[in-house]
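no sequence on hand, only this structure:
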């Protein structure tokens with residue numbers, strides 16, 4: 001861990017709940033005020049939509065997130081893929097971007113079972129169609 005940032009146990013607990021499919025549709029993670037630990041900022045319940053998730057990504061601040069992405073295959077079969085998002089909007093501060101970039105691996109490594117990863121610097125890159133295209137490719 002180059003940045004020496006820790007991962008709060010709540011992050012792993014929320015992630016396990018999401019994996020079990022019982023409570024959370026998505027989780028948004030951020031750094032605490034001292035930038036020493038990754039913490040859960042918000043959880044979206046099972047009734048949450050993708051639009052709700054996108055609305056929770058700040059326009060000018062970096063975040064990480066996990067979303068349990070459901071989609072249908074061409075043969076009609078339903079699939080679900082846990083997708084990791086690195087949200088680093090163009091308008092966020094350079095120092096914050098660097099901090100989030102260097103801390104990402106600490107969080108990413110602790111979340112076992114991520115199926116896809118999305119990098120977003122603006123809302124077009126995390127639009128439903130764009131993510132669906134990436135997530136469903138080859139499956």
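Received, thanks. Computed from a prediction, not measured in an experiment: that's the story for all the values here. Numbering: from 1, shown residues only.

contact partners for the residue most central in space within the chain?
Nearest to the mean C-alpha position of the chain, by C-alpha atoms, centre = their mean, lies residue 65 at 1.8 Å. Counting by C-beta atoms under 8 Å, 6 or more residues apart in numbering, residue 65 touches 26, 27, 28, 29, 53, 57, 84, 85, 87. (Each C-beta comes from the backbone N, C-alpha and C, glycine too.)

correct me, but residue 90 touches residue 120?
No - checked against C-beta atoms under 8 Å, the pair residue 90 and residue 120 is beyond contact range at 10.1 Å.

rewinding a little: go through the strand or helix carrying the residue nearest to the centre of the chain and flag the buried ones.
Secondary structure assignment for residue 65, by DSSP states H and E: strand 63-72. Within strand 63-72, the residues scored as buried using 16 or more other C-beta atoms under 10 Å are 63, 64, 65, 66, 67, 68, 69, 71.

what's the first helix or strand after it?
Next helix or strand after strand 63-72 toward the C-terminus (DSSP H and E): strand 78-87.

read off the pLDDT value for the residue nearest to residue 48 when sequence neighbours are not counted.
Spatial nearest neighbour of residue 48, chain neighbours left out: residue 25 (4.5 Å); criterion: C-beta to C-beta, 6 or more residues apart in numbering. pLDDT recorded at residue 25 is 96.
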